[in-house]
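Q: kindly generate the corresponding structure for this input.
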Amino acid sequence: MNPRVPEVAVKPELENLINTYGKFWCTWQLDRGDRLPMGAPALMMSPRGVNLGMVKPEFIQRRDIKYNTPIDALRAARLDVPEPRLINPQANYWIQHGKARARQLTHSRTCCPMDL
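A: Okay, the predicted model is just below:
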């Protein structure tokens, strides 16, 4: 959801995102309290058509109140966003097999001109 961005600007982005199966890399998680886009990238997803109950209803309600954007209004405005043309059978491995791969990141110091 893009608060305060007109739906006419959001729809083209949604139409592009739909072909990514709703997956995207995020370095800025507001729900975690990040104030700036920094930190380890996390593969995020936005379920569409499957597991729609994954997001707790109270989170949606809080968001709707905060941004004055009811979920029913969003759904109605986006009914004409098409489904993906082709869904790769391996796109949702984690749903099909109930497991996913994880990567552990470690911090390391790098040299930069300002350190010299």
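
Q: where does V8 land on pLDDT?
A: V8 is assigned 86 on the pLDDT scale.

Q: burial of it, as a residue count?
A: Using other CB atoms under 10 Å, V8 has 8 neighbouring residues. Every C-beta, even on glycine, is put in place using the N, C-alpha and C of the backbone.

Q: tell me which element it falls in.
A: Using DSSP states H and E, V8 falls within helix 7-17.

Q: could you do M44 as well?
A: Secondary structure from DSSP H and E places M44 in strand 42-45.

Q: next, the buried residues of the helix holding V8.
A: Buried residues in helix 7-17, counted by 16 or more other CB atoms under 10 Å: V10, L14, L17.

Q: convert it to CSV, retaining C-alpha atoms only.
A: Only the C-alpha atoms of helix 7-17 are listed here, as CSV (Å, rounded to 0.1, in the frame of the first residue of the first chain):
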residue,chain,number,x,y,z
GLU,A,7,-4.6,5.0,-7.4
VAL,A,8,-4.0,6.1,-11.0
ALA,A,9,-0.2,6.0,-10.2
VAL,A,10,-0.4,2.8,-8.1
LYS,A,11,-2.2,0.6,-10.6
PRO,A,12,0.7,0.5,-13.2
GLU,A,13,3.1,-0.5,-10.4
LEU,A,14,0.7,-3.2,-9.3
GLU,A,15,0.4,-4.5,-12.8
ASN,A,16,4.2,-4.8,-12.9
LEU,A,17,4.4,-6.3,-9.5
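
Q: kind regards, and thank you for your time.
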